[in-house]
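Novice: Make a model of this:
(one chain, ligands or ions: 1)
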Amino acid sequence: MPVKGFPSPTTVATRLVWPMAALILLVLLLAGSVVWWMTRTLDQAAMQDERARVALALNDLRQHALENIRSYATTLSSDKMGRHPVDPVGTAAILTSEGKGPSRQWAIFLLNTDDSVLFGSVGGEVAGQPQFDGRRRIFDAVIRDVRQKEASDPHLHTGKSGMIGATRIVHDGWSAYVAAATTISSDSPHIVVGASELDARALSEIAGPLGLQELHLSTNSNIRHSGAVAIDDATDRGPAFLVWQSSLPSALVNDQALTAIAAIALLTVAFAAGILLHVRGQLIELSRRQEQVQRLAAHDSLSGLPNRLLFGMRLDQELARIKRSDEGLAVMFLDLDRFKDVNDTYGHEAGDMLIRIVARRLSNLLRGADTLARFGGDEFAIIQTDVKDPRDAEALARRILDALTMPCEVPGGSVTIGVSIGVALSPRNGTDRETLMRLADTALYQAKNGGRNRYSFFERQMDEALRLRKVVEDDLRAAILADELQLHYQPQYKANGEEIVGVEALVRWPHPQHGWISPQQFIAIAEERGLIIPLGEWVLRKACEDAKRWPGLRIAVNVSPIQFRQRDFVSSVMNIIEEADIDPTRVELEVTEGVVMDDADAAEEAMMELRARGVRLALDDFGTGYSSLIYLRRFAFDKIKIDRSFLESMETTGESAILVHSVVHLGRALGLTVTAEGVETSEQHRFLQALGCHELQGYLFSKPVPAHEIDKMLGIAPDESRSGAVA
Ligand SMILES: Nc1nc2c(ncn2[C@@H]2O[C@@H]3COP(=O)(O)O[C@H]4[C@@H](O)[C@H](n5cnc6c(=O)[nH]c(N)nc65)O[C@@H]4COP(=O)(O)O[C@H]3[C@H]2O)c(=O)[nH]1
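Specialist: Down below sits the predicted model:
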């Protein structure tokens, strides 16, 4: 049973997974971002550097081109001045093949002011106007540049001006070219133009020293990982670029670092997953143990049923559930009858088996929503749900009685037990756990007291009885010690009803808060709580003390079977009598059949000893129990007291009168004194007298009264009372 409020291991693991996964992701993202940012910065720096170097290389190229053109122009110029005769085409071929930079496809032309070709050379071959026109677009920009510079030079044609030149990298849509133009001298209107294609070889010559790869012309600069520099457009097709494949740091990161990062990430994820799996395993184990502990803590190990703790929790839940409905429930407390006998007779193994059989039979009677619990020992409890009418609970109680009174097979034989059931209903008797459990317990107490093997529904009076019981339990010991108890005496008369022959001591308890509490209410509790020994001794001591005032009278004292079972009972009685210094023959102990039934041999021995010391013994409440003749013959009684219940019913049932008649005759036949208790009417008196009953006691003559009233009856003056003289 999982504990409420405690999440399952899977939930805990799941709750851990997400934060951990998020954390790992965050760390990876952060690391990735830092690496990305760094590589991007490095990439930008590297690209800028590459671009600058390419620009520088192209600049160099242009300068060389211009130098070539200029030296050609200078040669032409010296020829013109007649210094050296020149073959213009041959010179062009030599110049352009020996110079640096683009060479093989040099196209070089000497132009007039109107840009008409005076002569030209293409790749060392003579070229004219058509070849120039075919390349016109390549030369346009540099010619324009030179012309503009010429126009703005104030020293032109004055001999003071130097050579005016221009150079560009241009493209015609298919190829890139380095183009240059120059005037041939300060006083000549002719200009020389030349261009060379940047073919694959030329481009590789540029790229090689710079460490660039795949340098080529492209009209698209947007190439991934590529560097690009714009070149002049010799066409109207749009800009073009010299692009190359950059060796960027990010590529290195992509190739190597990212692989390493991915490997680290994978390892981290695997590690985290491993930890999570381990934690989950540990949690499952922990939760299993917790469940085990909780189960042990909430269940009875023998029957496997919920224990008191879990029962209480379930009851709380059920009560909360039915709060806002018109549903009811019943709380039943069950106590097995004779379970202790089975345990004692057949042993614990049989007792355990019996508990399991009972648990099974009870479970079979209940519905799924009901709860069956074992509180320990022979105590069970039930929450019966969906109780619309008390008759529902009554029906279940009957079925339980039927089921549990069936014989049970246990090691050692077949046993038949019974069960007492106390029932409290909700909402009728209460709506909270404590109240319902207390009232079911009260009802159970009533069922047990009512003769066992029965059920009892809680009634208000029971609560009163229980409250009183609690008062007795709490206060009786202190009352004995504080001498708060009192003794009243009921006179016992000769059959004529005139002469007192003895008094019966009856204990009284005037409780400071609760008033007079009857012995019928507290003697049984005193017996249960082990208080009957000090109480009994107190009564005997007090009675003997008082008896000293009434020397001619017998003093009868009630003795509980529990007192009788005490090892030192006889010596304790004799000590008290000796201390009081009265004649033991004046003391009469009234015992019930319980005394002799429990342990006949021990009782017989104690009784013999008491009688040997002179103490008299009366069998009280005769006729209510077995009233076996055997007891009367075996045990040394001096007297039998006919229970007052016979006298009460004598007038209504003829049977009782016959019984009283028989008892009186039996007693007389056995040589015992016969006393009738509870004589209330003169008819009863006359009847008993006529039967030959020896002594009489009852309200007709006197109720139990305090000692000083006995004094008065005996005519003892208050001052004489101390002397103990009888009138
Ligand atoms: N209706 C009616 N009742 C009459 C009549 N005559 C006497 N009684 C009552 O009957 C009870 C007789 O005592 P019991 O049978 O020994 O029954 C006693 C006895 O068993 C027990 N008890 C009383 N005092 C002691 C004691 O000191 N020690 C022990 N162990 N038990 C005591 O308590 C029981 C009840 O005592 P009490 O309440 O004093 O009740 C007394 C007495 O008041 C009558 O004519 N009509």
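Novice: how about low-confidence regions in the protein?
Specialist: Applying pLDDT under 70 to the chain flags the ranges 1-10, 12-14, 16, 77-105, 154-162, 186-187, 221-226, 257, 625-628, 717-727.
Novice: got the residues of it near the ligand?
Specialist: Contact residues, the chain versus the ligand (C-beta under 6 Å from any ligand atom): 490, 506-507, 518-520, 523, 536, 539, 558-560, 590, 620-621, 644, 677-680, 698-699, 704. The way it works is simple: take the backbone N, C-alpha and C, and place the C-beta from them, glycine included.
Novice: Mind splitting the chain into its structural domains?
Specialist: Following automatic domain parsing, one finds the domains of the chain at 10-249, 308-458, 490-718.
Novice: Let's have those in JSON lines, adding mean neighbour count and distance to residue 469.
Specialist: Converted to JSON lines, the domains of the chain look like this (neighbours: other C-beta atoms under 10 Å; distance: least, C-beta to C-beta, whole Å):
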{"stretch": "domain 10-249", "mean neighbour count": "17", "distance to residue 469": "50"}
{"stretch": "domain 308-458", "mean neighbour count": "18", "distance to residue 469": "8"}
{"stretch": "domain 490-718", "mean neighbour count": "18", "distance to residue 469": "6"}
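Novice: would you turn those into JSON lines with distance to residue 483?
Specialist: Converted to JSON lines, those look like this (distance: least, C-beta to C-beta, whole Å):
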{"stretch": "domain 10-249", "distance to residue 483": "66"}
{"stretch": "domain 308-458", "distance to residue 483": "30"}
{"stretch": "domain 490-718", "distance to residue 483": "8"}
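Novice: Now, the residues of the chain next to the ligand that are in strands?
Specialist: Using DSSP state E, the subset of the residues of the chain next to the ligand located in strands is 490, 506, 507, 558, 590, 620, 621.
Novice: of those residues, closest to residue 395?
Specialist: Of all those, residue 395 sits closest to residue 621, with 38.0 Å by C-beta to C-beta.
Novice: How about the contacts made by the residue lying closest to that closest one once chain neighbours are set aside?
Specialist: Using C-beta to C-beta, 6 or more residues apart in numbering and skipping the chain neighbours, the partner closest in space to residue 621 is residue 643 (4.4 Å). Applying C-beta atoms under 8 Å, 6 or more residues apart in numbering to residue 643 gives the contacts 620, 621, 622, 623, 624, 677, 678.
Novice: And the host helix or strand of residue 631, how far out from the chain middle?
Specialist: Counting by DSSP states H and E, the element that carries residue 631 is helix 629-634. Centroid separation between helix 629-634 and its chain, computed with C-alpha atoms, centre = their mean, to the nearest Å, is 66 Å.
Novice: Over to stretch 662-681?
Specialist: Chain-centre distance of stretch 662-681: 71 Å, with C-alpha atoms, centre = their mean.
Novice: what's the span of that stretch, first residue to last?
Specialist: 20 Å (C-alpha to C-alpha, to the nearest Å).
Novice: One more: stretch 695-707?
Specialist: Using C-alpha to C-alpha, the end-to-end distance of stretch 695-707 comes out at 21 Å.
Novice: Quick check: residue 393 touching residue 370?
Specialist: No: counting by C-beta atoms under 8 Å, residue 393 stays clear of residue 370, with 11.2 Å between them.
Novice: which neighbours do the two share?
Specialist: Looking at what touches both residue 393 and residue 370 (by C-beta under 8 Å, 6+ apart), the common residues are residue 384.
Novice: show me the contacts for the residue of the stretch 351-500 of the chain found nearest the ligand.
Specialist: When scored by C-beta to the nearest ligand atom, the stretch 351-500 of the chain has residue 490 as its residue closest to the ligand, at 5.6 Å. Residues near residue 490 by C-beta under 8 Å, 6+ apart: 503, 504, 506, 697, 702, 703, 704, 705.
Novice: Please save the CA atoms from stretch 643-656 in PDB.
Specialist: The C-alpha coordinates for stretch 643-656 follow below in PDB (Å, rounded to 0.1, in the frame of the first residue of the first chain):
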ATOM      1  CA  ASP A 643     -31.500 -15.900  46.800                       C
ATOM      2  CA  ARG A 644     -34.000 -13.200  47.000                       C
ATOM      3  CA  SER A 645     -35.000 -13.600  43.300                       C
ATOM      4  CA  PHE A 646     -37.000 -16.700  44.400                       C
ATOM      5  CA  LEU A 647     -38.900 -14.800  46.900                       C
ATOM      6  CA  GLU A 648     -39.600 -12.000  44.300                       C
ATOM      7  CA  SER A 649     -41.100 -14.400  41.900                       C
ATOM      8  CA  MET A 650     -42.700 -16.600  44.500                       C
ATOM      9  CA  GLU A 651     -46.000 -14.800  44.300                       C
ATOM     10  CA  THR A 652     -46.200 -14.900  40.500                       C
ATOM     11  CA  THR A 653     -44.900 -18.400  39.800                       C
ATOM     12  CA  GLY A 654     -45.900 -21.400  41.800                       C
ATOM     13  CA  GLU A 655     -42.700 -23.000  40.700                       C
ATOM     14  CA  SER A 656     -40.600 -20.700  42.800                       C
END
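Novice: thinking again about what came up before, pop out the phi and psi values for the residue nearest to residue 621.
Specialist: phi -60, psi 150 (degrees, to the nearest 10).
Novice: now the strands for the stretch 401-550 of the chain?
Specialist: Along the stretch 401-550 of the chain, the segments classed as strands by DSSP state E, counting those that start in this stretch run 408-410, 413-415, 418-426, 455-457, 486-494, 500-511, 515-517.
Novice: Tell me how far the third one lies from the chain's centre.
Specialist: Think strand 418-426. In terms of C-alpha atoms, centre = their mean, the centre of strand 418-426 is found 32 Å from the chain centre.
Novice: mind listing what the residue lying closest to residue 309 once chain neighbours are set aside touches?
Specialist: Excluding the flanking residues, the one nearest residue 309 by C-beta to C-beta, 6+ apart is residue 298, at 5.6 Å. Residues near residue 298 by C-beta under 8 Å, 6+ apart: 1, 306, 307, 309, 310, 313.
Novice: I'd like to know how far residue 298 sits from residue 378.
Specialist: Counting by C-beta to C-beta, to the nearest Å, the separation of residue 298 from residue 378 is 20 Å.
Novice: One more: residue 55?
Specialist: From residue 55 over to residue 378 the distance is 105 Å, taken as C-beta to C-beta.
Novice: Check residue 680 too.
Specialist: Computed as C-beta to C-beta, the residue 680 to residue 378 distance reads 42 Å.
Novice: Residue 274 now?
Specialist: Distance, residue 274 to residue 378, using C-beta to C-beta: 54 Å.
Novice: Then residue 202?
Specialist: Separation of residue 202 from residue 378 (C-beta to C-beta): 112 Å.
Novice: now swap in residue 309 and tell me
Specialist: Residue 309 sits 19 Å away from residue 378 when distances are taken as C-beta to C-beta.
Novice: and residue 661, what is it in contact with?
Specialist: Residue 661 neighbours (C-beta under 8 Å, 6+ apart): residue 691.
Novice: hang on, the earlier thing: among the domains of the chain, which comes closest to residue 482?
Specialist: In terms of C-beta to C-beta, the element of the domains of the chain nearest to residue 482 is domain 490-718, at 10.0 Å.
Novice: still on that earlier bit, mind giving me TSV with the strands of the stretch 401-550 of the chain and columns for distance to residue 585?
Specialist: Shown next, in TSV, are the strands of the stretch 401-550 of the chain (distance: least, C-beta to C-beta, whole Å):
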stretch	distance to residue 585
strand 408-410	52
strand 413-415	48
strand 418-426	45
strand 455-457	47
strand 486-494	16
strand 500-511	12
strand 515-517	33
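Novice: closest to residue 34 out of the ones you listed?
Specialist: With C-beta to C-beta as the criterion, residue 34 lies closest to strand 418-426 of the strands of the stretch 401-550 of the chain, at 67.9 Å.
Novice: Partner strands of that closest one, with direction?
Specialist: If you go by DSSP bridges, strand 418-426 pairs up with strand 329-337 (antiparallel), strand 455-457 (parallel).
Novice: circling back to that earlier point, torsion angles phi and psi at the residue nearest to residue 309?
Specialist: When read as degrees, to the nearest 10, the backbone of residue 298 gives phi -110, psi 0.
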